[in-house]
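**Q** this one's sequence-less:
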């Protein structure tokens with residue numbers, strides 16, 4: 001399992017599953033998840049869908065528009081979410097067959113506060129999903145918050161749902177809790193980073209770090225377009241031996257609206 005490290009002076013928003021039991025848990029990297037060997041990552045695509053990426057070279061192996069939120073890898077199966085307007089479905093994709101759909105759950109209507117868009121004039125919505133599988137039951141925690149464009153946190157909420165990966169039926173639904181069961185800082189450690197890697201993190205202004213195998217992955221936000229202002233969430237891969245950035249890829253783009261005083 002990867003470890004997320006706190007980088008002094010940076011705000012971390014990544015989630016890490018608990019290791020308290022023997023359930024299958026995701027190998028998380030910025031923008032998505034990796035397979036157990038750390039050779040292939042499944043990232044959200046800026047234009048929707050999922051990209052399967054060679055984590056050594058950063059090249060796209062295949063892409064799918066069946067779903068848009070990768071959750072967890074189970075052998076050759078990728079569990080992901082497909083989001084419509086206030087509706088979610090759980091899908092299982094075949095990673096050996098370019099993301100062919102193997103399974104689709106029944107749709108579930110989401111609460112009004114779980115907005116899957118990019119926010120409003122005054123605030124941007126940030127959301128995250130955390131998954132685990134035990135005895136063919138997928139449990140998903142979700143967490144969302146509204147932040148003013150200046151960065152001030154205005155509201156957070158969370159929820160939980162479970163779906164049977166055999167029948168496609170939803171088994172449990174909880175939402176509307178003010179105190180999140182899935183917190184942005186969950187699973188973070190204060191273990192020291194190698195000096196060279198810490199220098200990369202500071203130089204590139206990483207928001208979060210995860211280490212999987214022989215590579216470290218950082219989350220950074222960059223300006224993709226000046227006017228109107230568009231920012232991109234980018235994953236950067238660093239070789240742990242050389243501490244050099246070997247590839248980077250945007251996995252999300254969003255408008256940043258400057259609100260006058």
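**A** Arrived safely, thanks for sending. Keep in mind it's a predicted model, so treat the numbers as computed, not measured.
**Q** Would you check how far apart residue 99 and residue 50 are?
**A** Residue 99 sits 7 Å away from residue 50, going by Cβ to Cβ, to the nearest Å. For the C-beta atoms, the positions are set from N, CA and C on the backbone; glycine is no exception.
**Q** Overlap of the contact sets of those two?
**A** Each of 63, 64, 66, 78, 93 lies in contact with both residue 99 and residue 50 under the rule Cβ atoms under 8 Å, 6 or more residues apart in numbering.
**Q** Show me which of those residues are buried.
**A** Buried members of the shared contacts of residue 99 and residue 50, counted by 16 or more other Cβ atoms under 10 Å: 64, 66, 78, 93.
**Q** I'd like the residues you listed as a markdown table, with secondary structure and distance to residue 156 appended.
**A** Shown next, in a markdown table, are these (DSSP: H, G, I helix; E, B strand; the rest coil; distance: Cβ to Cβ, whole Å):
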| residue | secondary structure | distance to residue 156 |
| --- | --- | --- |
| 64 | strand | 31 |
| 66 | coil | 30 |
| 78 | strand | 28 |
| 93 | strand | 30 |
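**Q** Closest one of the residues you listed to residue 160?
**A** residue 78 (21.4 Å; Cβ to Cβ).
**Q** ok, now which ones touch the closest residue to that closest one other than its chain neighbours?
**A** Sequence neighbours aside, residue 93 is the residue nearest to residue 78 in space, at 4.5 Å (criterion: Cβ to Cβ, 6 or more residues apart in numbering). Applying Cβ under 8 Å, 6+ apart, we find residue 93 in contact with 50, 64, 66, 67, 77, 78, 80, 99, 100, 101, 102.
**Q** Got a quick ChimeraX command for the buried subset of the residues you listed?
**A** Typed into ChimeraX, the line below selects the buried ones among these, using 16+ other Cβ under 10 Å:
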select :50,64,66,67,77,78,80,99
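**Q** Mind checking which of the contacts of residue 93 are in strands?
**A** Among the contacts of residue 93, DSSP state E puts 50, 64, 77, 78, 80, 100, 101, 102 in strands.
**Q** residue contacts, the fourth one?
**A** The reference is to residue 78. 33, 42, 50, 70, 72, 92, 93, 94, 95, 99.
**Q** Which residues are in contact with the last one?
**A** Taking Cβ under 8 Å, 6+ apart, we find residue 99 in contact with 50, 52, 62, 63, 64, 66, 78, 93.
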